[in-house]
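Engineer: Got a predicted model here, sequence first, then my questions.
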Amino acid sequence: MQNLNMERDSIDLGDTTTDNLYPALFQCFAIILCGYIAGRLNVVSSTESKGIATFVGTFALPSLIFLSLARLDFSTVNWMFLLAILLAKGIIFFSVIAVTLLVSKPINLGTAGIFAIFCTQSNDFALGFPIINAIYGKTHPEYALYLYLMAPISLAILNPVAFVLMEINKQREITQSVTIEGDGRKQLSKIRVLKQILKGITYNPVLVMTVLGILGNILFKHKLSIYIEGLLEVFGQSFSAAALFLLGLHMVGQIHRLRGPALLLPCVLIMVKLIILPVVMREFVSSLKTGANESETSSLSTYAFLYGTIPTAPAVFVFSNLYQLEIDLVSFFDIGHNKHLFLRKKYE
């Protein structure tokens, strides 16, 4: 009888995976393909794609971030588990920054920042939720809700560090491009450059909405006004489709550039995201004994490993487009990750 029940649960789990996981993957690939076709046929011009990128980076993504942070209920949180995830992500995040700065010549703070975000930020909502819900929906339904608690680790703690690096790099490039008639390049004072950096950070919609989301959670006690919530939901719901469509647009004419030695960097970073990060997460969760007992700790460590293998979020491409950093590589990363996930699930 027990074997019969286990077999029935296995069949139900397989049905749930088919019902939730594969449709989510199909939607992502289909939207990316639509964007690629639109760009290839010049249905959407480069000027129009810039408008889409501005909408995604300035309105859709910040709205989604604010809602995710402002509606979190912090009263029922396994803080030890979140601490383990934070430590694991933090080690990978700062290790990627350090290694990138050591091997890059000349030193590029912006590239280090975007690579660090890529290796630690997962597609928690568009792909992560259906995957986790398909696997743990019946045994541990709370695991899917944990995604809303782990997303702020990147959004509110780690990503702002990368935004500072990217903003510093941006202001350096602006400074180097300023010229004076007859005098060549104009050297701006360090104080003025610092002011420009602080101004860029202050007016960064992603960072601003991250801070406001946390403040909104405290102020409204994770229950927003129906008017604010309704308005931001409209913008937030457009993020996934617009970001994936934009990713397809920017793939036109770019993939052929990544051949031969140029594939080494993507392969290394994909290995960090798909292999090293999940292993580090699992070990931290196990070492800190985040569960109430050994069985729960083992379950949480397995969940942490699976969470680490979720593909990188389309938001990373939005960030790279916003700062004009490694757009070709990030486009390749997103497609490679989603393809890897599809093949892995197909043959499991």
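Structural biologist: The structure has been received and is ready for your questions.
Engineer: before we move on, which element is Pro144 in?
Structural biologist: To be clear, residue 144 is Ala; Pro isn't right here. helix 142-145 (DSSP states H and E).
Engineer: Run through who's touching that helix.
Structural biologist: 129, 132-133, 136-137, 303 (CB atoms under 8 Å, 6 or more residues apart in numbering). In this view, the C-beta of every residue, glycine as well, is placed from N, C-alpha and C.
Engineer: Report the distance from stretch 295-302 to the chain centre.
Structural biologist: 24 Å (CA atoms, centre = their mean, to the nearest Å).
Engineer: which residues in the stretch 151-300 of the chain form helices?
Structural biologist: Applying DSSP state H, counting those that start in this stretch to the stretch 151-300 of the chain gives helices spanning 159-177, 190-202, 205-220, 226-237, 239-251, 264-271, 277-287, 294-308.
Engineer: rank these by pLDDT, which is bottom?
Structural biologist: Note on those: helix 190-202 shows the lowest mean pLDDT, a mean of 70.
Engineer: could you list every residue that touches Ile107?
Structural biologist: Leu101.
Engineer: So what does it have for phi and psi?
Structural biologist: Per-residue torsions, Ile107: phi -60, psi 130 (degrees, to the nearest 10).
Engineer: and the contacts of helix 142-145 as JSON lines, adding distance to Leu232, neighbour count and secondary structure?
Structural biologist: What follows is the contacts of helix 142-145, written out as JSON lines (distance: CB to CB, whole Å; neighbours: other CB atoms under 10 Å; DSSP: H, G, I helix; E, B strand; the rest coil):
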{"residue": "Phe129", "distance to Leu232": "18", "neighbour count": "18", "secondary structure": "helix"}
{"residue": "Ile132", "distance to Leu232": "24", "neighbour count": "24", "secondary structure": "helix"}
{"residue": "Asn133", "distance to Leu232": "23", "neighbour count": "20", "secondary structure": "helix"}
{"residue": "Tyr136", "distance to Leu232": "28", "neighbour count": "20", "secondary structure": "helix"}
{"residue": "Gly137", "distance to Leu232": "27", "neighbour count": "17", "secondary structure": "coil"}
{"residue": "Tyr303", "distance to Leu232": "29", "neighbour count": "20", "secondary structure": "helix"}
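Engineer: Same list, those, but as a markdown table with distance to Pro106 please.
Structural biologist: Listed next are those as a markdown table, based on distance: CB to CB, whole Å:
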| residue | distance to Pro106 |
| --- | --- |
| Phe129 | 41 |
| Ile132 | 41 |
| Asn133 | 45 |
| Tyr136 | 46 |
| Gly137 | 49 |
| Tyr303 | 41 |
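Engineer: for those, which one is nearest Pro160?
Structural biologist: Closest approach to Pro160 among the contacts of helix 142-145 (CB to CB): Phe129, at 24.0 Å.
Engineer: residues in contact with the closest one?
Structural biologist: 144, 147.
Engineer: What is the burial count for Ile276?
Structural biologist: Neighbour count for Ile276, taken as other CB atoms under 10 Å: 17.
Engineer: My error: substitute Tyr203 in the last question.
Structural biologist: Neighbour count for Tyr203, taken as other CB under 10 Å: 10.
Engineer: same thing with Ala156?
Structural biologist: Counted with other CB under 10 Å, residues neighbouring Ala156 total 17.
Engineer: Quickly note the distance from the closest residue to it other than its chain neighbours to Cys119.
Structural biologist: Excluding its sequence neighbours, the residue lying closest to Ala156 (CB to CB, 6 or more residues apart in numbering) is Thr210, at 5.0 Å. Relative to Cys119, Thr210 is positioned 19 Å away (CB to CB, to the nearest Å).
Engineer: again, but for Leu274
Structural biologist: From Leu274 to Cys119 the distance is 10 Å (CB to CB).
Engineer: Settle it for me: which of these two has more neighbours?
Structural biologist: When neighbours are counted by other CB under 10 Å, Cys119 comes out ahead of the other of Leu274 and Cys119, with 24 against 20.
Engineer: what helix or strand does that one sit in?
Structural biologist: Using DSSP H and E, the element containing Cys119 is helix 109-120.
Engineer: which helices and strands does that helix pack with?
Structural biologist: Helices and strands touching helix 109-120, as assessed by 3 or more CB pairs under 8 Å, 6 or more residues apart in numbering; DSSP states H and E, comprise helix 79-103, helix 159-177, helix 264-271, helix 315-323, helix 327-347.
Engineer: Relative to Ser299, which of those helices is closest?
Structural biologist: Closest approach to Ser299 among the helices and strands packed on helix 109-120 is made by helix 79-103 (10.7 Å; CB to CB).
Engineer: Which elements pack onto that closest one?
Structural biologist: Helix 79-103 makes packing contacts with helix 109-120, helix 147-152, helix 159-177, helix 277-287, helix 294-308 when contacts are defined by 3+ CB pairs under 8 Å, 6+ apart.
Engineer: Which stretch among those is buried most, on average?
Structural biologist: Between the helices and strands packed on helix 79-103, helix 109-120 has the highest mean count of neighbours, a mean of 25, where neighbours are mean count of other CB atoms under 10 Å.
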